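heads up, no residue letters with this:
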């Protein structure tokens, strides 16, 4: 009950409501900064056609696994008790590793393609965030529904990921489709959380919330990229290099 009463104070007290509004704006601004820095670096690498793999001969999935490892550690830490410098250092490390993973692949894309993918991501992401922040709660997925969908998606991702690596490319598309559904379902709940519309106190969690939006954004970009490349394969009837580059180390 303490968390419920605290939530009611957040929604009823004008000073708490103003504090939540400032918090939400801060989260959005920091998430935009993280995404912008990452996107800017990837666009530079794409424009230069620079091969990161030739400089750092490490499989890209190693960087992604390191990022996931830091994310797991971060999820287990008492974030509110630690210094923000420690938390932000871990967040920046995850952002850097995710960007490095993407940098291994973007050289096979034109900057125009990346801009289109990012713009498509914004067209999907912004309406979902607005719905989570403004729509009536009965119209939005609750924590239980979101949790069940996310768990089902995680269960499906494991076998699809193995099949995508070992066999036909359509398993990779199915993997991306499940990942896309998971990202779309989570976004409204995240918006509800940072706007104080759930029974949990979001204050002092700016790094975590900003990182969550960053991860969601790049999940959507990745999935949109796979969908577009798959459509291109079906239309052209060939297997272009940039689709192969999504699951292998670029030459």
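That came through fine. All of these numbers come straight from a predicted model, not from anything done at the bench.

When you work out contacts or count neighbours from here on, use the C-alpha atoms and nothing else.
OK.

For the protein, which segments are assigned as helices?
In the chain, the helices defined using DSSP state H lie at 2-12, 14-48, 52-55, 60-76, 84-103, 111-134, 143-166, 169-194, 206-236, 241-244.

What is the fourth one packed up against?
In this structure, helix 60-76 makes packing contacts with helix 84-103, judged by 3 or more Cα pairs under 8 Å, 6 or more residues apart in numbering; DSSP states H and E.

average pLDDT across the helix it packs on?
In this model, helix 84-103 has an average pLDDT of 90.

quick check: angle from that helix to helix 206-236?
If you take axes from the mean of the first three to the mean of the last three Cα atoms, to 10 degrees, helix 84-103 sits at 10 degrees to helix 206-236.

Does residue 171 touch residue 159 like I think?
No. Using Cα atoms under 8 Å, residue 171 makes no contact with residue 159, being 9.5 Å away.

Compare neighbour counts for those two and give me the winner.
residue 171 (18 against 12; other Cα atoms under 10 Å).

Residue 200: which of the helices of the chain is closest?
Nearest to residue 200, of all the helices of the chain, is helix 2-12, at 6.4 Å by Cα to Cα.

State the distance from the residue nearest to residue 210 when sequence neighbours are not counted to residue 205.
If the residues on either side of it in the chain are set aside, residue 210 comes closest to residue 31, at 4.4 Å by Cα to Cα, 6 or more residues apart in numbering. Taking Cα to Cα, to the nearest Å as the measure, residue 31 falls 12 Å from residue 205.

Quick check on these two: which one has the bigger neighbour count.
Using other Cα under 10 Å as the criterion, residue 31 and residue 205 rank with residue 31 on top: 22 against 16.

quick one: pLDDT of the more buried one?
92.

thinking it is in contact with residue 215, fair?
No. Look at residue 31 against residue 215 with Cα under 8 Å: they stay out of range, at 9.6 Å.

and residue 117, how far is that from residue 196?
Where residue 196 is concerned, residue 117 sits at a distance of 31 Å (Cα to Cα).

likewise residue 111?
Relative to residue 196, residue 111 is positioned 38 Å away (Cα to Cα).

More neighbours: which of these two?
A count of neighbours by other Cα under 10 Å puts residue 196 above the other of residue 111 and residue 196, at 24 against 19.

Phi and psi next, for that one.
Backbone torsions for residue 196, taken as degrees, to the nearest 10, come to phi 70, psi 30.

Surely it touches residue 202?
Yes. Using Cα under 8 Å, residue 196 is in contact with residue 202, at 6.6 Å.

Grab the nearest non-local neighbour of residue 185.
residue 146 (6.4 Å).

Please read the previous query as pertaining to residue 208.
residue 91 (7.6 Å).

Assess the claim that that neighbour and residue 212 are in contact.
No. At 9.9 Å, residue 91 and residue 212 do not qualify as touching, with contact defined as Cα under 8 Å.

of the two, who's got more company?
The residue with more neighbours, out of residue 91 and residue 212, is residue 91; 22 against 16, by other Cα under 10 Å.

check contacts around that one.
207-208, 211 (Cα atoms under 8 Å, 6 or more residues apart in numbering).

go with 10 Å
34, 67, 70-71, 74, 85, 97, 207-208, 210-212 (Cα atoms under 10 Å, 6 or more residues apart in numbering).

same question, residue 192
Taking Cα under 10 Å, 6+ apart as the contact definition, residue 192 lies against 129-135, 137, 140, 142, 198-199, 202.

Show the buried residues in those residues.
129, 131-133, 140, 198-199, 202 (16 or more other Cα atoms under 10 Å).

Distance to residue 62 and pLDDT for the residues you listed - can I get that in a markdown table?
As requested, those are exported to a markdown table (distance: Cα to Cα, whole Å; pLDDT from 0 to 100):
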| residue | distance to residue 62 | pLDDT |
| --- | --- | --- |
| 129 | 31 | 90 |
| 131 | 36 | 89 |
| 132 | 34 | 87 |
| 133 | 36 | 85 |
| 140 | 37 | 80 |
| 198 | 36 | 79 |
| 199 | 37 | 79 |
| 202 | 32 | 76 |
